[in-house]
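1. just a sequence and a predicted model for now, questions to come.
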Amino acid sequence: MEEGKLESIISDIILKFAHKEENPLQRKPKIKLNINSEEDAVFNEKTQKLIKDIFNTEFRLIEFQENILVPEINPKRLKRSKSHLFYVESKSQIHKFLFSTWIKMITGIIPDEVETESKMIEEFMEEAGANYRFPVSSIINLSTLNMVKTVSKCIRFIAEGKIFLAENLESSAIALLLSYNTPHAKKYIKIPETKEKYLWRIFEGEGTKKQKKGIIKILCDFDGTITKKDVSIALLDKFTDGSWKQLPKNVVKGNIGSKSAYILIKEKIKGEISEMQNYVREFEIEDGFLEFFNFVSGRYDFEIVSDGFSFYIKEILKKWGISARFWASELIKENSGFNFIFPNESDFCNLCATCKLKIIRNNSEKFTVFIGNGISDRCIVESADIVFAKSRLKQICQMKGISFFQFENFYEILEVFKKDVEGFVIDFDGTIGWSFEGIYDAFSYTLKKFNTPLPKNIRDYIGIPLIQCFEIILGKENANKAVEIFRKRYKKVFLKKTLLALGTEKTLRKLKEFGYKIAILSNKKGDILRELIKHLGIGDLLDIVVGEGDINYDGMEIFKPDPRTIYYISEKINVPPQKLIVVGDSEIDLQTAKNSGTFFMLLYNSDTNLDKFKEANGFISSITQLQKIGEFFRIKNQIKEIHQT
């Protein structure tokens, strides 16, 4: 199974379907989900054997199926139950032991409630093949069938608007699992007043959301982000005679954290600090970093957060004439050899040498921007307001459902920081409109008239002009007739089979409050599109709605991806194309932005192949994430005006 796939799907479900009602805790009824040990089974042969060795209990082995964990949810059928709180409970010691390994895997901490030796859990995890990087994927190896089914039910309950009460070991383990894989799950989790130490990663730190100050704080990773290569890996590899080589693989896989890796290798480090200082001076910084640093200095707060060591950061910054505050660990030479000091370690977690999440939470009153590239950044991106990601961090953001700008060098980041934004051009179908059910109905109806089966990849046709769709499927000779049949059928079903994506109205309203112009641009027929907009009640939040048939040049209709669609909107709302951001969910939308010279934000999901969108500027997994994008450009604009005066 593809790494991170389950995590992405869970993130999708919570982002798209979960709706939190106001004051849910005022209602007292609670639902208890019991995990039965009867007729249970495990997914991993090693786990089956280990359970037998520890508990002297037989478990049969079964194959894992994705649909056991991922529930299919129809937004029209979500139940709004009177019972708004739920929790999980099991009387089985085996379940409690396995849930404890989940907590250890996610936080590096073994719960106090478990009466077993720490070493036993660690050995159990290692033998069963657990890792920190993809908890859902690897937790399957540490689960029974009924545990996994319970997680699935928890996901469904959250989608129905219920609040997860993490009041015991079992509930805490599942709550941690969900919050690790998507930070959006945290607002559906209630933690009792007795705060268990391993639940720290669920806490937002503020209790309630506070208004951000008009200050942008930039936190930037060092190794592989500011520098072109990872300095710590190269350094330790050279000065341990190659003994370090295997450990970075385990860190990247998530089998151990960097803090543990450093401690394991310290006795093998040979040489002097002065030799290491001379060695690291050879390392180059990323293209555009000097220009970026000079631009942000004096405008924004800038600090470096690193999982590496301060001595080489000082040397490299000194070489390039850069003066910046940084957070890192210390490698020191003692009489008996080398040792590490971790002044910025987590108060609770034992994974990373520097807890970047802890640092960013101490800046929660500011609007925070994080720039990074790898595994040590997997937690900080949960709390950053804006993320710039490359390499492995892009995959992690997609897994967790986090919005981000992609980059390869700092010139691309500088372009974003210098950009002025005054408006958004947003696609409809698949972006703010859940219209697939109605489109699918009309396609099925139409193709039956031609005795033609529905293409398996029918979703790929959404967004393409209708006439072109049917030319591809039925040929040019049948296309016009098919369009006529399709539209006649669609007019009968489109209002009742189209939903507004959750959070759309709130997002549009927030963007208008920020002062942005908003346009809807679709290849859907213009009159149908405007009728839908009116039906969905968002017309007063839009400056213009443009669909098929609304733009004509020399008697010819113009569609996306023709750049004239953007030029037309630009003229109508009086915003230059270079000050617009196009938002959509397809390659057609990307081409529209590219052809017109505008920025593009892709609405992605768990199935999106990011490699197809290398020319996109940024990515969002929910339309609600546009609020942060809009806020970023607004605050940036305000700072620019102050700086100019």
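-> Happy to help now that I have it.

2. contacts and neighbour counts: CA atoms only from here.
-> Noted.

3. and the chain, what are its domains?
-> Here the domain assignment for the chain is 5-202, 216-418, 423-431+499-644, 436-493, based on automatic domain parsing.

4. rebuild these as CSV, extending it with mean neighbour count.
-> Below are the domains of the chain laid out as CSV (neighbours: other Cα atoms under 10 Å):
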stretch, mean neighbour count
domain 5-202, 19
domain 216-418, 19
domain 423-431+499-644, 19
domain 436-493, 16
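
5. average pLDDT for stretch 122-136?
-> Across stretch 122-136, the average pLDDT comes to 82.

6. excluding its backbone neighbours, what's nearest residue 181?
-> Nearest residue to residue 181, sequence neighbours excluded (Cα to Cα, 6 or more residues apart in numbering): residue 400, at 5.2 Å.

7. could you measure from the closest residue to residue 385 other than its chain neighbours over to residue 408?
-> Nearest non-adjacent residue to residue 385, counting by Cα to Cα, 6+ apart: residue 368, 5.2 Å away. Remark: distance between residue 368 and residue 408 (Cα to Cα, to the nearest Å) = 20 Å.

8. same deal with residue 11?
-> From residue 11 over to residue 408 the distance is 26 Å, taken as Cα to Cα.

9. cool, and residue 124?
-> Going from residue 124 to residue 408 by Cα to Cα gives 40 Å.

10. how about residue 174?
-> Using Cα to Cα, residue 174 is found at 36 Å from residue 408.

11. just for the chain, where's the confidence low?
-> 1-3, 19-28, 76-83, 113-118, 193-196, 204-211, 213, 243-255, 645 (pLDDT under 70).

12. isn't there a helix covering residue 301?
-> No - Residue 301 is assigned strand when assessed by DSSP: H, G, I helix; E, B strand; the rest coil, not a helix.

13. how much space separates the residue lying closest to it once chain neighbours are set aside from residue 362?
-> In space, and not counting its chain neighbours, residue 301 is closest to residue 217: 4.7 Å by Cα to Cα, 6+ apart. Taking Cα to Cα as the measure, residue 217 and residue 362 are separated by 11 Å.

14. do residue 198 as well
-> Residue 198 sits 19 Å away from residue 362, going by Cα to Cα.

15. where along the stretch 251-400 of the chain do the strands fall?
-> 301-309, 325-334, 337-341, 367-372, 386-389 (DSSP state E, counting those that start in this stretch).

16. bridge partners for the residue nearest to residue 301, pull those for me.
-> Residues in a beta bridge with residue 217, per DSSP bridges, are residue 301, residue 368.

17. so where do the helices sit in the stretch 451-600 of the chain?
-> 466-474, 476-493, 504-513, 526-536, 564-573, 587-596 (DSSP state H, counting those that start in this stretch).

18. now for the shortest one, which elements pack on it?
-> What that stands for is helix 466-474. On a contact count with 3 or more Cα pairs under 8 Å, 6 or more residues apart in numbering; DSSP states H and E, helix 466-474 meets helix 476-493.

19. what packs against the helix it packs on?
-> Applying 3+ Cα pairs under 8 Å, 6+ apart, we find helix 476-493 packed against helix 436-449, helix 466-474.

20. Throw those helices into CSV and include distance to residue 36, thanks.
-> Formatted as CSV, these follow (distance: least, Cα to Cα, whole Å):
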stretch, distance to residue 36
helix 436-449, 37
helix 466-474, 51
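
21. in the stretch 51-200 of the chain, which spans are strands?
-> With DSSP E, counting those that start in this stretch as the criterion, the stretch 51-200 of the chain has strands at 60-61, 85-89, 163-165, 189-190.

22. so what strands line up beside the last one?
-> Neighbouring strands of strand 189-190 in its sheet, by DSSP bridges, are strand 163-165 (parallel).

23. neighbouring contacts of the partner strand?
-> Contacts with strand 163-165, where a contact means Cα atoms under 8 Å, 6 or more residues apart in numbering, come from 24, 84-87, 154, 157-158, 171, 175, 188-192.

24. mind running it again at 6 Å?
-> Residues from elsewhere that reach strand 163-165, judged by Cα atoms under 6 Å, 6 or more residues apart in numbering: 84, 85, 86, 87, 188, 189, 190.

25. stretch 400-420 too?
-> With contact meaning Cα under 6 Å, 6+ apart, stretch 400-420 is reached by 11, 181-182, 287-289, 292, 387-390, 579, 617-621.

26. what does stretch 513-524 give?
-> Under the criterion Cα under 6 Å, 6+ apart, residues 422-428, 463, 465, 542-548 lie in contact with stretch 513-524.

27. what residue of this protein is the furthest out?
-> Going by Cα atoms, centre = their mean, the residue of the chain most distant from its centre is residue 335, 45.7 Å out.

28. just want the phi and psi numbers for that residue.
-> Main-chain dihedrals, residue 335, degrees, to the nearest 10: phi -60, psi -40.

29. now it: how far from residue 597?
-> Distance, residue 335 to residue 597, by Cα to Cα: 61 Å.

30. what do you get for residue 274?
-> In this view, residue 274 and residue 597 are 50 Å apart by Cα to Cα.

31. distance to residue 553 for the strands of the stretch 251-400 of the chain - can I get that in JSON lines?
-> JSON lines is the format used below for the strands of the stretch 251-400 of the chain (distance: least, Cα to Cα, whole Å):
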{"stretch": "strand 301-309", "distance to residue 553": "49"}
{"stretch": "strand 325-334", "distance to residue 553": "56"}
{"stretch": "strand 337-341", "distance to residue 553": "68"}
{"stretch": "strand 367-372", "distance to residue 553": "43"}
{"stretch": "strand 386-389", "distance to residue 553": "39"}
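
32. leaving out the residues flanking it, which one is nearest to residue 178?
-> Distances taken as Cα to Cα, 6+ apart place residue 185 nearest to residue 178, at 6.1 Å, with adjacent residues excluded.

33. check residue 490 too.
-> In space, residue 490 is closest to residue 442, 5.3 Å off (Cα to Cα, 6+ apart).

34. for that neighbour, what are its contacts?
-> 486, 489, 490.

35. reformat those residues as CSV; add distance to residue 339.
-> Shown next, in CSV, are those (distance: Cα to Cα, whole Å):
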residue, distance to residue 339
486, 72
489, 73
490, 70
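
36. between the residues you listed, which is nearest residue 265?
-> residue 490 (65.4 Å; Cα to Cα).

37. now that closest one: how far from residue 191?
-> 47 Å.

38. same check on residue 267?
-> Remark: distance between residue 267 and residue 191 (Cα to Cα) = 42 Å.

39. over to residue 103?
-> From residue 103 to residue 191 the distance is 15 Å (Cα to Cα).

40. that older thread, now, the contacts of stretch 513-524 that are in strands?
-> With DSSP state E as the criterion, strands contain 423, 424, 425, 426, 544, 545, 546, 547, 548 from among the contacts of stretch 513-524.

41. these: which two are farthest apart?
-> Using Cα to Cα, the ones in strands among the contacts of stretch 513-524 reach their maximum pairwise distance at 423 and 548, which is 21.2 Å.

42. identify the residue nearest residue 344 in space, chain neighbours excluded?
-> Per Cα to Cα, 6+ apart, closest to residue 344 is residue 354, 5.0 Å.

43. ends of stretch 542-552, how far apart?
-> Stretch 542-552 has an end-to-end distance of 22 Å (criterion: Cα to Cα).

44. I should have written stretch 133-151 there, sorry.
-> 19 Å.

45. tell me which residues are up against that stretch.
-> Outside stretch 133-151, the residues that touch it by Cα under 6 Å, 6+ apart are 40, 41, 42, 44, 130, 254.

46. tell me what the third one is bridged to.
-> Residue 42 has the following beta-bridge partners by DSSP bridges: residue 61, residue 144.

47. what sits against it?
-> Applying Cα under 6 Å, 6+ apart to residue 42 gives the contacts 61, 144, 145.
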